[in-house]
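> let me see the structure of the following:
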Amino acid sequence: MKKLFIASAVLACSSASFAVAPGGPNCGWGNMLFAGQSGLPSHLVASITNGTSGNNTFGMTSGTNGCSADGTLTYGGKKMVNVGAIMDEFSEDVARGDGEALTAVAVSLGVSAEDRPAFKESLHNNFDLLFPSADVQADSVMASIVAIMKQDQRLAKYVS
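Residues are numbered from 1 along each chain as shown. Below is the predicted model:
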């Protein structure tokens, strides 16, 4: 159960991190009420207003409230794959070449079901590169994962 919870949390965090400003930057009553204001408090209250009333969802479907679903959603931040939270289980899974933590990381990185066996095999074959010491840091492991994926034709499309 613990592994399922961890995998779900990693998946939820990473999938939620890809969309920014659904409906556009001017979408919803919260944006209308706080137009021209800046700073964290204004953004939080505008976001809460839009989220609790559902007006931005209505606006996107009806084309009102300054909303549109025409644009492409983008994300300018880092992917939220937190290997550090599951490092022990993840390293064991990589050593085995399969497991829930390894699958959760693959899903979080957007690796399709048909490419996951290649992902798992590639990480398994590069275990020593991923985990050069017992005290390796999560950001180093993630950097190594990305480097490994970039070298694999099948997996390179999942990393930029």
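> and the next helix or strand past the one helix or strand Asp93 maps to?
Element membership of Asp93, judged by DSSP states H and E, is helix 87-96. Next helix or strand after helix 87-96 toward the C-terminus (DSSP H and E): helix 100-108.
> what's the next secondary structure element after that following helix?
helix 116-125.
> so which other helices or strands are in contact with that following helix?
Of the remaining helices and strands, those touching helix 116-125 by 3 or more Cβ pairs under 8 Å, 6 or more residues apart in numbering; DSSP states H and E are helix 87-96, helix 100-108, helix 138-151. (Each C-beta comes from the backbone N, C-alpha and C, glycine too.)
> and for Leu155, the neighbour number?
As a burial measure, Leu155 scores 22 neighbours (other Cβ atoms under 10 Å).
> could you report the pLDDT at it?
Looking at Leu155, its pLDDT stands at 94.
> compute the distance between it and Asp88, please.
Applying Cβ to Cβ, to the nearest Å, the value for Leu155 to Asp88 is 24 Å.
> run a quick neighbour tally on Ser53.
If you count neighbours by other Cβ under 10 Å, Ser53 ends up with 13.
> thinking Phe131 is in contact with Val141, fair?
Yes. Using Cβ atoms under 8 Å, Phe131 is in contact with Val141, at 7.1 Å.
> who's more crowded, those two?
Applying other Cβ under 10 Å to Phe131 and Val141 shows that Val141 carries more neighbours, namely 22 against 18.
> for the more buried one, what are its contacts?
Residues counted as contacts of Val141 (Cβ atoms under 8 Å, 6 or more residues apart in numbering) are Val83, Met87, Phe90, Leu130, Phe131.
> okay, now Asp139: neighbour count?
By other Cβ under 10 Å, 11 other residues sit near Asp139.
> with Val136 instead?
Neighbour count of Val136, defined by other Cβ under 10 Å: 14.
> now do the same contact list for it.
Val136 is in contact with Leu130, counting by Cβ under 8 Å, 6+ apart.
> where's it relative to Leu102, distance?
Distance, Val136 to Leu102, by Cβ to Cβ: 16 Å.
> same check on Asp88?
12 Å.
> out of those two, which sits in the busier spot?
Higher neighbour count among Asp88 and Leu102: Leu102, with 25 against 9, using other Cβ under 10 Å.
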